[in-house]
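[1] Provided below for reference: sequence and predicted model.
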Amino acid sequence: PAISSANNATFTVGTPGTFTVTTAGIPAVNTITSTGALPTGVTFTDNGNGTATLAGTPAAATGGSYALTFTASNGVAPNATQNFTLTVNQAPVITSANNTTFTVGTPGTFSVTTTGFPSGATMVISQTGALPAGVTFTNNGNGTATLAGTPTAGGSFPLTITAANGVTPNATQAFTLTVNQAPLITSANAATFVVGTPGSFNVTTSGIPAVATITSVGALPGGVTFTDNGNGTATLAGTPAIGTGGSYPWTFTAINGVAPNAKEGFALGVDQAPADTSA
């Protein structure tokens, strides 16, 4: 006997496939067997007529290369053997998370991972969308990619990551890179109120995520209060009482969970009109 069919075939995960093993010999081959692991969903059948059939729909996640050995016999020695390779292609899937967080001024890295067959250098991973300055996207040529660098600006950066290995459909993933930024107090570091006159001053901040808490340390003149508004701002407001003229040193601290906290020395001056204090 001789096996006359090709020594390889390619199926695709999720798609029905079939391959016919053919033989020659006198008398006709009466038995064809197969050894080796088959992917789930695929079977080998000896048709009893000198042919055999490899057929089925490879199950999910069965992409890979399967080494088989076919043996044909017709009672005349030697039997025919053939080393056969069944390749099961699998469309790519991006298996890593769809988001990550970096911090301004701090090196960060994130690995994009995939499954599919073929992989390695055949798996091309690309990215579209604006990256923050200081961060790059690299296809590693081994089924992974790396997002890495030291961002210079905070914000939310929507990206689309695509993995392609020649088997349709390509994998796409909506991905969000969030770059946190330590808080900063952006308002002036001094204000002036006047005794007997209502005054107000807003403390403003920046940072990603937005500042959650603003605290203060220092003595206030009677009639003036400090309020954290819970929205990244705080308010110093009120009517300074008579006799409270002077300078009031303060320290504001803004916190958003990203180190370091922002601290600012602040001076509240309270002007007071002159008064004749003699008898």
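    Arrived safely. For clarity, every value in this text was computed on a predicted model and none was experimentally measured.
[2] could you use CA atoms for every contact and neighbour count after this?
    Fine.
[3] any idea whether Ala121 is helix, strand or coil?
    helix (DSSP: H, G, I helix; E, B strand; the rest coil).
[4] need the contact list for it.
    Residues in contact with Ala121 (C-alpha atoms under 8 Å, 6 or more residues apart in numbering) are Gly141, Asn142, Gly143.
[5] ok, Asn98 next?
    Asn98 neighbours (C-alpha under 8 Å, 6+ apart): Gln173, Ala174, Phe175, Thr176.
[6] if you set the cut-off to 6 Å instead, what comes out?
    For Asn98, the contact set (C-alpha atoms under 6 Å, 6 or more residues apart in numbering) comprises Phe175.
[7] returning to what we had before: neighbour-wise, which of the contacts of Ala121 leads?
    Most neighbours among the contacts of Ala121, by other C-alpha atoms under 10 Å: Gly143, with 25 neighbours.
[8] for the contacts of Ala121, give me TSV that also has secondary structure.
    Below are the contacts of Ala121 laid out as TSV (three-state DSSP):
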residue	secondary structure
Gly141	coil
Asn142	coil
Gly143	coil
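[9] nearest to Thr235 among those?
    Gly143 (53.1 Å; C-alpha to C-alpha).
[10] does that closest one really touch Met123, like I thought?
    Yes: in this structure, Gly143 is within contact of Met123 by C-alpha atoms under 6 Å, at 5.3 Å.
[11] would you reformat the contacts of Ala121 as JSON lines and include distance to Gly166 and pLDDT?
    Shown next, in JSON lines, are the contacts of Ala121 (distance: C-alpha to C-alpha, whole Å; pLDDT from 0 to 100):
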{"residue": "Gly141", "distance to Gly166": "14", "pLDDT": "97"}
{"residue": "Asn142", "distance to Gly166": "15", "pLDDT": "97"}
{"residue": "Gly143", "distance to Gly166": "13", "pLDDT": "97"}
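[12] could you dump these into JSON lines and include distance to Asn202?
    Listed next are those as JSON lines, based on distance: C-alpha to C-alpha, whole Å:
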{"residue": "Gly141", "distance to Asn202": "53"}
{"residue": "Asn142", "distance to Asn202": "54"}
{"residue": "Gly143", "distance to Asn202": "52"}
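[13] closest one of those residues to Ala52?
    Gly143 (35.7 Å).
[14] find the nearest non-adjacent residue to that closest one, please.
    The shortest distance from Gly143 to any residue other than its chain neighbours is 4.9 Å, reached at Gly120 (C-alpha to C-alpha, 6 or more residues apart in numbering).
[15] who's in contact with the one you found?
    Per C-alpha under 6 Å, 6+ apart, neighbours of Gly120: Gly141, Asn142, Gly143.
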